[in-house]
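> Here you go, sequence then predicted model.
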Amino acid sequence: MRYSGFQVIKQALTGHKGWTPAWRDPEPKAHYDIVIIGGGGHGLATAHYLAKVYGHRKVAVIEKGWIGGGNVGRNTTIVRSNYLLDGNEPFYEFSLKLWEGLEQDLNYNAMVSQRGILNLFHSDGQRDAYTRRGNAMILNGADAELLDADQVRKEHPYLNFDNARFPIKGGLAQRRGGTVRHDAVAWGYARSADGYGVDIIQNCEVTGFRIEDGKCLGVETSKGFIGAGKIGCAVAGNSGRVVGMAGMRLPIESHVLQAFVSEGLKPVLPGVITFGAGHFYVSQSDKGGLVFGGDLDGYNTYAQRGNLPVVEDVCEGGMALMPMIGRARLLRMWGGVMDMSMDGSPIIDRTPVEGLYFNGGWCYGGFKATPASGYCFAHLLAQDEPHPTATAYRLDRFRTGRMIDEKGVGNQPNLH
Amino acid sequence: MIIPHPLLGPRDSSEFVYLGDASLIDRPDWQAEDAAEAFHEYAYLRDNPAGEHRELWYHEGGDRSWLVVTRNTMTHEISKVELARDVARAQGRSK
């Protein structure tokens, strides 16, 4: 069924009895051309672009739980393309362009809201760094605008400009950044892929790979063996566990990142704001809650919950940036498990096992990358060569010294 | 998390800095034939287990000792804490 305003009115007049499920619930077939492991945003996007752009219809997405139950359902919904390095910026700008056309592409309301993102700076050195970053963005076709303190004050008068230690000197704005309704992204991609004949198989856990003579022939699952010409693994957060079943070790550690939502408030925050002196970022959801987060907890974990010291640190950042946040009560907090890579950048590449392809290492930037990640992974799976915007995301870049380290902190995953 | 320090007793984990997998104690021999490959594995590849994990914590806000903590990455339960010095010496290192 194609969604439209006409359809809403028609269904309203007929008692909403004509709506059909957004995707089927099929049993797995014995063999597919391509099997995607992981029914999150990236896996479902991969299936959508495989079918729509690259014409592959014999595709399955297999998911241990329910689709969209992992990190695509646990993030802070921010989209942006404000990166510095050549390996990253063209990819994230490609992603932002896909976000801009996503709802028409999927025929699904994902509530893409380009309300803008503002990275604040608090010193002359930081201004120089953001000027450089803005120039890098513009050179790669993205938008960037450097604001001085007065311009920021005009748009965000409630910020703590005269903080004695970290006065706000200005900010780097990307007006095309913003937020997207995260669950709708998973559902929209799933519905679209299903419409092209992709089988989305939920409650189907991968328990092993069938590998003969160095070639992967399919996956063992809780619903039996599923054969595949090619297998794509898109399970960020748990990449080490899944790829470990194929005998590989990855340049990745799993860490927990916490996020927080306040009670619902009237509109107070027009866009996304990040604090430059600590690690704190905040936006306001359409329901009114302030959605915010900060640093990783910093130790290896697969538990989807964090500890109190980081809660304190994040809330201190919020209080330093916008003291009014202290008047709001915290409603919910949760943790998501991140693939933290050794240089802070992702991996989309073949693996040493023939027929097995890997997409992961998204650190805590996976949500904004969802469309481009799916597109580029589909390109790799369909054509056996990297998409032009993702050529730097190689699995062997740590061996060859071609790291993409935005923060320049080296092989210390909890610092990226 | 509370880390039971072998010398100081229970200490809050926020007094510590986390480094990573305790295999970082086993620095490869830089003169070996396969040193480049061994250092790639040492510096960049991780087991990243879901379950028991031996890891290095540095007591920066305390006695500045390095600890090897055995902790479950599914539950955050700590089952064993040793001085990294003792672990390294038991493996034949001088310090």
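Perfect, I can see it now.
> need the residues of chain B near chain A, please.
B:1, B:12-14, B:18-21, B:40-41, B:43-50, B:53, B:55, B:71, B:73-76 (Cβ under 8 Å from any Cβ of the partner chain). C-beta: built from backbone N, CA, C; applies to glycine.
> Going through the residues you listed, which ones are buried?
B:1, B:13-14, B:18-21, B:40-41, B:43-46, B:48-50, B:53, B:55, B:71, B:73, B:76 (16 or more other Cβ atoms under 10 Å in any protein chain shown).
> picking that back up, please flag which of the residues of chain B next to chain A sit within strands.
Of the positions in the residues of chain B next to chain A, B:Asp12, B:Tyr18, B:Leu19, B:Gly20, B:Asp21, B:His53, B:Glu55, B:Arg71 sit in strands, assigned by DSSP state E.
> Of those residues, which pair is most distant in space?
Largest separation among these by Cβ to Cβ: B:Asp12 and B:Asp21, giving 22.4 Å.
> Extract the residue ranges of chain A that are flagged as low pLDDT.
For chain A, applying pLDDT under 70 flags no range at all.
> Just give me the residue right at the centre of it.
Computing the C-alpha centroid of chain A and ranking residues by Cα atoms, centre = their mean puts A:Phe367 first, at 1.4 Å.
> what does chain B give?
Closest-to-mean residue, chain B, Cα atoms, centre = their mean: B:Leu56 / 2.3 Å.
> So it sits against B:Thr70, correct?
No - when contacts are counted by Cβ atoms under 8 Å, B:Leu56 is not listed as touching B:Thr70 (11.3 Å).
> and A:Ile138, how many neighbours?
When neighbours are counted by other Cβ atoms under 10 Å in any protein chain shown, A:Ile138 registers 12.
> The host helix or strand of A:Phe367: which residues count as buried?
Using DSSP states H and E, A:Phe367 maps to helix A:366-383. Residues A:366-382 are the ones in helix A:366-383 that count as buried (16+ other Cβ under 10 Å).
> quick one: the nearest residue to B:Ala22 once chain neighbours are set aside from chain A, how far?
Nearest residue to B:Ala22, sequence neighbours excluded (Cβ to Cβ, 6 or more residues apart in numbering or on different chains): B:Arg54, at 3.9 Å. Distance, B:Arg54 to chain A, by Cβ to the nearest Cβ, to the nearest Å: 10 Å.
> Now do B:Arg54: how many residues are near it, please.
B:Arg54 has 17 nearby residues by other Cβ under 10 Å.
> Contacts only, for it.
B:Asp21, B:Ala22, B:Ser23, B:Val68, B:Val69, B:Thr70 (Cβ atoms under 8 Å, 6 or more residues apart in numbering or on different chains).
> now B:Trp66
B:Leu56, B:Trp57, B:Tyr58, B:His59, B:Leu83, B:Ala84, B:Arg85.
> Now compare the residues you listed and name the two farthest from each other.
Maximum distance among the contacts of B:Trp66 (Cβ to Cβ): 13.4 Å, for B:Trp57 and B:Arg85.
> Looking at these two now, which is surrounded by more residues?
Neighbour comparison, B:Trp57 and B:Arg85: the larger count goes to B:Trp57, with 25 against 14 (by other Cβ under 10 Å).
> What subset of the contacts of B:Arg54 is buried?
B:Asp21, B:Ala22, B:Val68, B:Val69.
> In TSV, list those residues along with pLDDT.
Below are the buried ones among the contacts of B:Arg54 laid out as TSV (pLDDT from 0 to 100):
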residue	pLDDT
B:Asp21	97
B:Ala22	97
B:Val68	98
B:Val69	98
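> and the longest helix for chain B?
Longest helix in chain B, counting residues (DSSP state H): helix B:35-44.
> Let me see the mean pLDDT of that one.
Averaging pLDDT along helix B:35-44 gives 96.
> Touching it from outside, list them.
A:249, A:251, A:342, A:398-399, A:411, B:23-24, B:26-30, B:32.
> Of those residues - the most surrounded one?
A:Pro251 (26 neighbours).
> any idea what sits nearest A:Ala30, other than its immediate chain neighbours?
A:Gly227 (6.0 Å).
> tell me the angle the helix or strand containing the one you found makes with helix A:366-383.
Using DSSP H and E, the element containing A:Gly227 is strand A:224-233. Counting by axes from the mean of the first three to the mean of the last three Cα atoms, to 10 degrees, strand A:224-233 points 110 degrees away from the direction of helix A:366-383.
> still on that earlier bit, other residues contacting whichever helix or strand comes after the helix holding A:Phe367?
Note on helix A:366-383: by DSSP H and E, the next helix or strand toward the C-terminus is helix A:397-400. With contacts defined as Cβ under 8 Å, 6+ apart, helix A:397-400 is touched by A:Pro251, A:Met342, A:Asp343, A:Arg394, A:Met403, A:Ile404, A:Asn411, B:His40, B:Ala43, B:Tyr44.
> And these, which is closest to A:Gly326?
Among those, and counting by Cβ to Cβ, the member closest to A:Gly326 is A:Asp343, at 36.5 Å.
> Just to check, the closest one is in contact with A:Asp405?
Yes - at 4.3 Å, A:Asp343 and A:Asp405 qualify as touching, with contact defined as Cβ under 8 Å.
> now the strands for the stretch 1-150 of chain A?
Ranges of strands in the stretch 1-150 of chain A, per DSSP state E, counting those that start in this stretch, are A:31-37, A:59-62, A:78-79, A:117-121, A:145-148.
> closest to chain B out of those?
strand A:31-37 (16.2 Å; Cβ to the nearest Cβ).
> Can you name the residue of chain B nearest to chain A?
Counting by Cβ to the nearest Cβ, chain B gets nearest chain A through B:Asn48, at 3.6 Å.
> Test my guess that that residue contacts A:Leu250.
Yes - look at B:Asn48 against A:Leu250 with Cβ under 8 Å: they come within range, at 6.9 Å.
> who touches both of these two?
What both B:Asn48 and A:Leu250 touch, as defined by Cβ under 8 Å, 6+ apart, is the set A:Gly240.
> before we move on, the earlier item: I'd like the contacts of B:Trp66 written out as TSV, with pLDDT added.
Converted to TSV, the contacts of B:Trp66 look like this (pLDDT from 0 to 100):
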residue	pLDDT
B:Leu56	98
B:Trp57	98
B:Tyr58	98
B:His59	98
B:Leu83	97
B:Ala84	97
B:Arg85	95
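> among those residues, which are in helices?
B:Ala84, B:Arg85.
> Residues of the stretch 251-400 of chain A that sit close to chain B?
So the stretch 251-400 of chain A meets chain B at A:251-254, A:298-303, A:307, A:309, A:342, A:398-399 (Cβ under 8 Å from any Cβ).
> What residue in the stretch 1-150 of chain A comes nearest to chain B?
For the stretch 1-150 of chain A, Cβ to the nearest Cβ, closest residue to chain B: A:Lys64, 13.1 Å.
> Between the residues of the stretch 251-400 of chain A next to chain B, which sits nearest A:His56?
A:Ile252 (27.5 Å).
> The closest one is in contact with B:Arg46, isn't it?
Yes - using Cβ under 8 Å, A:Ile252 is in contact with B:Arg46, at 6.6 Å.
> what residues do these two have in common as contacts?
A:Gly240.
> circling back to that earlier point, is the residue nearest to A:Ala30 bridged to anything, and to what?
With DSSP bridges as the criterion, A:Gly227 is bridged to A:His31, A:Gly218.
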